[in-house]
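Novice: the sequence and its predicted three-dimensional model are supplied below.
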Amino acid sequence: MTIVSHNDAKQRDARTVLSVGEERTVVILEEDVDDQGTGFTEIENIHTFVDPGKITLHFADTVRVKIVDVGENHADALAVEQLN
């Protein structure tokens, strides 16, 4: 995984990388970032917040997510399947 500086990430528009409705397989990098079970990951260096839906997310879980919103410098996704 490549670590990208905040300034580098700001220069890349997430909307050119991700599309609403797209599904991706990701690894959860941080769990429960908001005390509501939301996970955090990066998809092609785009910060992505993962709504757990009916899944309990843990650090290092591999899950399939569906992109539900894409902003200029981040995305929101819904966990749809736990793969491990």
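Specialist: Looks like it came in fine. Numbering: from 1, shown residues only.
Novice: which stretches of this structure have low pLDDT?
Specialist: For the chain, residues meeting the criterion pLDDT under 70 lie at 1-11.
Novice: give me that answer again for 80
Specialist: Applying pLDDT under 80 to the chain picks out residues 1-12.
Novice: which residue lies nearest the spatial centre of it?
Specialist: Centroid check for the chain by CA atoms, centre = their mean gives T48 as the closest residue, at 2.9 Å.
Novice: OK, contacts around it?
Specialist: Counting by CB atoms under 8 Å, 6 or more residues apart in numbering, T48 makes contact with L18, V26, F40, T41, E42, V65, I67, H74, A75, D76, A77. Where C-beta positions appear, they are placed from N, C-alpha and C, glycine not excepted.
Novice: ok, V20 next?
Specialist: Contact partners of V20, counting by CB under 8 Å, 6+ apart, are I67, V68, D69, V70.
Novice: same check on R12?
Specialist: Contacts of R12 by CB under 8 Å, 6+ apart are N45, I46, N73.
Novice: what bridges to the residue nearest to the centre of the chain?
Specialist: T41, A75 (DSSP bridges).
Novice: from here on, count from 11
Specialist: Noted, 11 is the first residue going forward, which turns the last one into T58.
Novice: can you say which of the contacts of R22 are buried?
Specialist: I56 (16 or more other CB atoms under 10 Å).
Novice: quick one: contacts of stretch 35-46?
Specialist: Residues outside stretch 35-46 that contact it (CB under 8 Å, 6+ apart) are 47-53, 58-60, 67-75, 87, 93.
Novice: any quick PyMOL command for the buried ones out of those?
Specialist: To isolate the buried ones among the contacts of stretch 35-46 in PyMOL, judged by 16+ other CB under 10 Å, type:
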select buried, resi 47+48+49+50+51+52+53+58+59+60+67+71+73+74+75+87
